[in-house]
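Q: structural data only, the sequence is not supplied:
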């Protein structure tokens, strides 16, 4: 998901596809299929902006926001990735043993 520093929209609406493309560096052809899969899984909710396109001089934007299930899934996957990248960091569980890791000559 995007960096919190890249968000320019309000929390009530979520993040636009353009903001997501800028934050992730992914082109629309990569990002849109991912968003569609996340929508189908129920991990992301999408909502169209309620504007008059003629009055605003632009089309309505679609905003995306993680659902509660999506937030749990994202946190779980990020924790698993972090554990894989730093399995023996002090204070983190070793995925193989479930024990808190310590940096020792036997584990490095």
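A: Looks like it came in fine. For clarity, every value in this text was computed on a predicted model and none was experimentally measured. Numbers count the residues shown, from 1 in each chain.

Q: hey, let's count contacts and neighbours off CA atoms from now on
A: Fine.

Q: what about the helices in this structure?
A: Shown for the chain, the helices assigned by DSSP state H span residues 17-24, 28-41, 53-56, 68-85.

Q: any idea which of these is most buried?
A: Most buried of the helices of the chain by mean neighbour count (mean count of other C-alpha atoms under 10 Å) is helix 17-24; its value is a mean of 17.

Q: what would the helices of the chain look like in JSON lines with mean pLDDT and distance to residue 62?
A: Shown next, in JSON lines, are the helices of the chain (pLDDT from 0 to 100; distance: least, C-alpha to C-alpha, whole Å):
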{"stretch": "helix 17-24", "mean pLDDT": "91", "distance to residue 62": "7"}
{"stretch": "helix 28-41", "mean pLDDT": "94", "distance to residue 62": "12"}
{"stretch": "helix 53-56", "mean pLDDT": "94", "distance to residue 62": "13"}
{"stretch": "helix 68-85", "mean pLDDT": "91", "distance to residue 62": "18"}
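
Q: would JSON lines of these with distance to residue 47 be doable?
A: What follows is those, written out as JSON lines (distance: least, C-alpha to C-alpha, whole Å):
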{"stretch": "helix 17-24", "distance to residue 47": "12"}
{"stretch": "helix 28-41", "distance to residue 47": "11"}
{"stretch": "helix 53-56", "distance to residue 47": "15"}
{"stretch": "helix 68-85", "distance to residue 47": "16"}
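
Q: burial of residue 27, as a residue count?
A: 12 (other C-alpha atoms under 10 Å).

Q: where's residue 39 relative to residue 25, distance?
A: The spacing between residue 39 and residue 25, counted by C-alpha to C-alpha, to the nearest Å, is 20 Å.

Q: just residue 58 next, same as before
A: 24 Å.

Q: swap in residue 53?
A: 28 Å.
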